[in-house]
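Q: Okay, structure incoming, though there's no sequence with it:
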């Protein structure tokens, strides 16, 4: 995995920002966040130490940007799915199944989320917001039946995080993803038969995104939504 991003289009500033983020990700594949220092990142990226401050006030700022990049990368991956003509329950099922497959199929995502000591909310805030919007739409359309959208969002987000962790650890097989998705739909108030159908519907899922993530590797639509 090369730190250089000069082959990608974009301004020098955008390419340098990606170099910092790529170096941080590669370092986190080998160590935890406590050892992630400014000098280690800039040395790894081949940059002058002071140049870091042209992009981030501190390591926390970079971690926040990494969380936004994860959210945008997830959104770009979900955009590859054909959800345009799906109702909210079918869309929830498809996105949940692919999200969990991302963690199972690309261990680096699981490492960033669970193994290196990064605040999980800094890496999942974008995903949680999208989940809340989908649940709210499902309630508005009468498909989901929950008494409190915020509580339902917390419960489902926690369940998805737990499933992702168990998939990353190998405690659950990939084959459990579909049944788990059906169970989440039942929890949201969808009838069991429809939940089973949506959770097990045949889908040709695309492969998970490659790591390290880069802003300049994202399609223009996903990039624009996060700026």
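A: Structure's in. What do you need? Bear in mind the structure is a predicted one, so any value in this text is a computation, not a measurement.
Q: rest of the way, CA atoms for contacts and neighbours
A: Noted.
Q: give me the element residue 15 is part of.
A: Residue 15 belongs to helix 12-28 when assigned by DSSP states H and E.
Q: who does that helix touch, helix- and strand-wise?
A: helix 38-45 (3 or more Cα pairs under 8 Å, 6 or more residues apart in numbering; DSSP states H and E).
Q: Off-centre distance for the helix it packs on?
A: Centroid separation between helix 38-45 and its chain, computed with Cα atoms, centre = their mean, to the nearest Å, is 25 Å.
Q: continuing past it, what's the next helix or strand?
A: Sequence-wise, the next helix or strand downstream of helix 38-45 (DSSP H and E) is helix 59-79.
Q: For that next one, buried residues please.
A: 59, 62-78 (16 or more other Cα atoms under 10 Å).
Q: Hmm, residue 89 is touching residue 185, no?
A: Yes - between residue 89 and residue 185 there is a contact under Cα atoms under 8 Å: 7.5 Å.
Q: For this protein, give me the ranges with low pLDDT.
A: Scanning the chain for pLDDT under 70 picks out the ranges 1-9, 122-123, 221-227.
Q: Domains in it, by residue range?
A: 8-55, 70-208 (automatic domain parsing).
Q: which stretch among those comes nearest residue 214?
A: Across the domains of the chain, residue 214 has its closest neighbour in domain 8-55 (5.6 Å, Cα to Cα).
Q: How far away from the center of its chain is stretch 136-154?
A: Using Cα atoms, centre = their mean, the offset of stretch 136-154 from its chain centre is 22 Å.
Q: now swap in stretch 87-107 and tell me
A: Relative to its parent chain, stretch 87-107 has a centroid offset of 10 Å by Cα atoms, centre = their mean.
Q: repeat for stretch 180-189
A: Stretch 180-189 sits 20 Å away from the centroid of its parent chain (Cα atoms, centre = their mean).
Q: Contacts for that stretch, please.
A: 89, 93, 96-97, 143-146, 152, 156, 192, 195-200 (Cα atoms under 8 Å, 6 or more residues apart in numbering).
Q: can you pull the buried residues of that stretch?
A: The neighbour-count check on stretch 180-189 (16+ other Cα under 10 Å) flags 180-189 as buried.
Q: can I get these in TSV with distance to residue 137?
A: Output for the buried residues of stretch 180-189, formatted as TSV (distance: Cα to Cα, whole Å):
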residue	distance to residue 137
180	21
181	18
182	18
183	19
184	16
185	14
186	16
187	16
188	12
189	13
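Q: tell me which element the residue lying closest to residue 100 once chain neighbours are set aside falls in.
A: Spatial nearest neighbour of residue 100, chain neighbours left out: residue 164 (5.8 Å); criterion: Cα to Cα, 6 or more residues apart in numbering. Residue 164 is part of helix 149-169 when elements are defined by DSSP H and E.
Q: coming back round to it: so how far is residue 110 from the residue nearest to residue 100?
A: In this structure, residue 164 and residue 110 are 7 Å apart, going by Cα to Cα, to the nearest Å.
Q: same check, this time on residue 22
A: 16 Å.
Q: the more surrounded of the two?
A: Neighbours were counted for residue 22 and for residue 110 using other Cα atoms under 10 Å; residue 22 has more, 26 against 21.
Q: Was I right to think that one contacts residue 215?
A: No - Residue 22 is beyond contact range of residue 215, at 9.8 Å (criterion: Cα under 8 Å).
Q: Which of the buried residues of stretch 180-189 fall in helices?
A: 180-187 (DSSP state H).
Q: Make TSV out of these and add distance to residue 106.
A: Shown next, in TSV, are these (distance: Cα to Cα, whole Å):
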residue	distance to residue 106
180	19
181	19
182	23
183	24
184	23
185	25
186	28
187	27
